[in-house]
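# Predicted model and sequence below, questions to follow.
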Amino acid sequence: MNNKLAKILCYGLPIPVLIVSLFIGSSDQVNAIQFFKSLINQLQGQTLVGRDQGSYELTKNILVNVRLPRILLTFMVGAALSVSGSVLQALFRNPLVDSYILGISSGAAFGASLAIVYTLSFINIYAFVGGILAVILTYFIATVNKQTSTVTIVLSGMIISGVFIALLTLVQYISDPYKLQAIIQWTMGNLHSASWIEVKQSFIPIILTILICFRYRWRLNLLSLGDDAARAVGVNPFPDKFILITCATLMTTTTVAVAGVISFYGLFLPHIVRMLLGADNSKSIAGNILLGGTFLLIIDDLSRTLFVFEIPIGVFTTILGGGFFVYLLKKNKLNWN
């Protein structure tokens with residue numbers, strides 16, 4: 001793709017999509033033109049009366065308290081999942097690695113489901129504990145004679161992921177019907193209950209870990225060459241890998257806690273960014289932040305407007321991710337170049 005067009009898509013698309021998303025929804029009470037007219041009149045010191053005042057206040061309430069928190073949360077979740085997948089793919093030098101392969105998402109889902117069943121506070125803490133436990137178990141199983149390899153890590157991650165999925169199924173089996181319904185809806189990935197509370201809970205861990213990964217974007221190029229190459233230039237890869245994997249874990253578990261399980265997104269979105277901007281992590285991390293948040297926001301807009309009922313966003317990402325990888329396999333573009 002043309003380099004200028006790729007930059008426009010990555011850097012110029014977020015703001016227009018954010019603005020347009022504010023006025024997309026099922027409510028017929030929101031009139032963008034009328035709202036901006038009333039807003040301009042307010043800024044000019046004019047007093048709205050009667051029906052105009054009521055319409056303006058209703059529209060402002062829908063935009064500020066219903067749609068804006070959902071838009072911000074969706075953007076943060078998309079950016080976090082995309083950056084997490086990109087970081088893990090670079091560290092393990094495998095384009096098929098993401099948080100699911102390491103068992104992070106499954107462990108986080110299990111921890112969060114326990115919090116839902118037993119009505120525990122701070123679901124994101126239990127999700128983080130489950131995700132960290134999954135990573136520790138994955139590394140423990142993959143370590144042989146104090147050494148690990150990409151193959152053993154991927155295989156161990158698949159085993160741990162399967163175990164936690166089985167435990168999640170057990171939790172669903174023993175839960176009462178009302179909580180079972182909530183868990184099932186949550187495991188499909190859903191943002192319909194987004195609120196300012198969830199935005200505040202997820203803002204610090206997501207933004208902080210994204211900034212750390214952005215700070216390490218140059219080192220990712222070196223780490224993606226392998227441990228031997230890093231040591232050859234005098235860099236100890238272990239501390240950097242530990243920090244980045246911890247950040248990827250915290251990002252993933254936070255998104256699972258607030259939005260449920262959004263499958264495949266952290267797997268296929270980094271591929272799209274690399275197709276647009278190349279494999280240079282110093283550029284692709286910023287692209288994953290912006291395009292990752294924007295693309296998930298577009299998917300969420302479709303999920304709540306295509307039909308009279310809202311489709312879980314995880315259903316969309318699974319279908320898109322599966323179709324995207326079929327295309328890559330058929331076109332022989334699934335590589336790490």
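Good, I have the coordinates. Not measured: the values here are computed from a predicted model.

# From Leu168, how far out is the spatially most central residue of the chain?
Against the mean C-alpha coordinate of the chain, by C-alpha atoms, centre = their mean, the closest residue is Leu81 at 2.9 Å. Taking C-beta to C-beta, to the nearest Å as the measure, Leu81 and Leu168 are separated by 19 Å. Every C-beta, even on glycine, is put in place using the N, C-alpha and C of the backbone.

# Please, where are all the helices along the stretch 151-300 of the chain?
Taking DSSP state H, counting those that start in this stretch as the test, the helices found in the stretch 151-300 of the chain are 177-187, 196-215, 217-223, 227-232, 237-259, 265-277, 281-303.

# Can I get stretch 308-321 in PDB, CA atoms only?
Once non-C-alpha atoms are left out, stretch 308-321 reads as follows in PDB (Å, rounded to 0.1, in the frame of the first residue of the first chain):
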ATOM      1  CA  VAL A 308     -32.300  -4.200  15.900                       C
ATOM      2  CA  PHE A 309     -30.500  -6.100  18.600                       C
ATOM      3  CA  GLU A 310     -26.900  -5.800  19.600                       C
ATOM      4  CA  ILE A 311     -24.400  -8.500  18.600                       C
ATOM      5  CA  PRO A 312     -21.600  -9.200  21.000                       C
ATOM      6  CA  ILE A 313     -18.400  -7.600  19.600                       C
ATOM      7  CA  GLY A 314     -16.400 -10.900  20.200                       C
ATOM      8  CA  VAL A 315     -18.600 -12.500  17.500                       C
ATOM      9  CA  PHE A 316     -17.500  -9.900  15.000                       C
ATOM     10  CA  THR A 317     -13.800 -10.100  15.800                       C
ATOM     11  CA  THR A 318     -13.900 -13.900  15.600                       C
ATOM     12  CA  ILE A 319     -15.500 -13.900  12.200                       C
ATOM     13  CA  LEU A 320     -13.200 -11.100  10.900                       C
ATOM     14  CA  GLY A 321     -10.100 -12.800  12.400                       C
END
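
# Tell me the buried residues in it?
Of all the residues in stretch 308-321, those buried under the rule 16 or more other C-beta atoms under 10 Å are Ile311, Pro312, Ile313, Gly314, Val315, Phe316, Thr317, Thr318, Leu320, Gly321.

# what number of residues lie near the nearest residue in space to the second one that is not next to it in sequence?
With C-beta to C-beta, 6 or more residues apart in numbering as the criterion, Pro312 has its nearest non-adjacent residue at 3.8 Å, and that residue is Met188. Other residues within reach of Met188, judged by other C-beta atoms under 10 Å, total 17.

# Let me see the contact set for Phe295.
Neighbour list for Phe295: Gly78, Ser82, Leu269, Ile272 [criterion: C-beta atoms under 8 Å, 6 or more residues apart in numbering].

# Over to Leu73. Which of the three states is it?
Under DSSP: H, G, I helix; E, B strand; the rest coil, Leu73 falls in the helix class.

# I'd like to know how many residues surround Ile62.
18.

# Which pLDDT does the model give it?
For Ile62, the model assigns a pLDDT of 78.

# give me the element it is part of.
According to DSSP states H and E, Ile62 maps onto helix 50-62.

# do you know which of the helices of the stretch 151-300 of the chain lies nearest Thr74?
Closest approach to Thr74 among these (C-beta to C-beta): helix 281-303, 4.8 Å.

# May I have the closest one as PDB, with CA atoms only?
The C-alpha trace of helix 281-303 is given here as PDB (Å, rounded to 0.1, in the frame of the first residue of the first chain):
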ATOM      1  CA  ASN A 281       8.300  -1.800  15.900                       C
ATOM      2  CA  SER A 282       9.400   1.800  16.400                       C
ATOM      3  CA  LYS A 283       6.500   2.700  13.900                       C
ATOM      4  CA  SER A 284       4.100  -0.200  14.300                       C
ATOM      5  CA  ILE A 285       3.600   0.300  18.100                       C
ATOM      6  CA  ALA A 286       2.100   3.700  17.500                       C
ATOM      7  CA  GLY A 287       0.100   2.300  14.600                       C
ATOM      8  CA  ASN A 288      -1.300  -0.400  16.800                       C
ATOM      9  CA  ILE A 289      -2.400   2.100  19.400                       C
ATOM     10  CA  LEU A 290      -4.200   4.300  17.000                       C
ATOM     11  CA  LEU A 291      -5.500   1.800  14.400                       C
ATOM     12  CA  GLY A 292      -6.200  -0.800  17.100                       C
ATOM     13  CA  GLY A 293      -8.500   1.500  19.000                       C
ATOM     14  CA  THR A 294     -10.100   2.900  15.800                       C
ATOM     15  CA  PHE A 295     -10.800  -0.400  14.200                       C
ATOM     16  CA  LEU A 296     -12.400  -1.900  17.300                       C
ATOM     17  CA  LEU A 297     -14.600   1.200  17.500                       C
ATOM     18  CA  ILE A 298     -15.700   0.700  14.000                       C
ATOM     19  CA  ILE A 299     -16.600  -2.900  14.800                       C
ATOM     20  CA  ASP A 300     -18.500  -1.800  17.800                       C
ATOM     21  CA  ASP A 301     -20.500   0.700  15.800                       C
ATOM     22  CA  LEU A 302     -21.500  -2.000  13.400                       C
ATOM     23  CA  SER A 303     -22.400  -4.400  16.200                       C
END
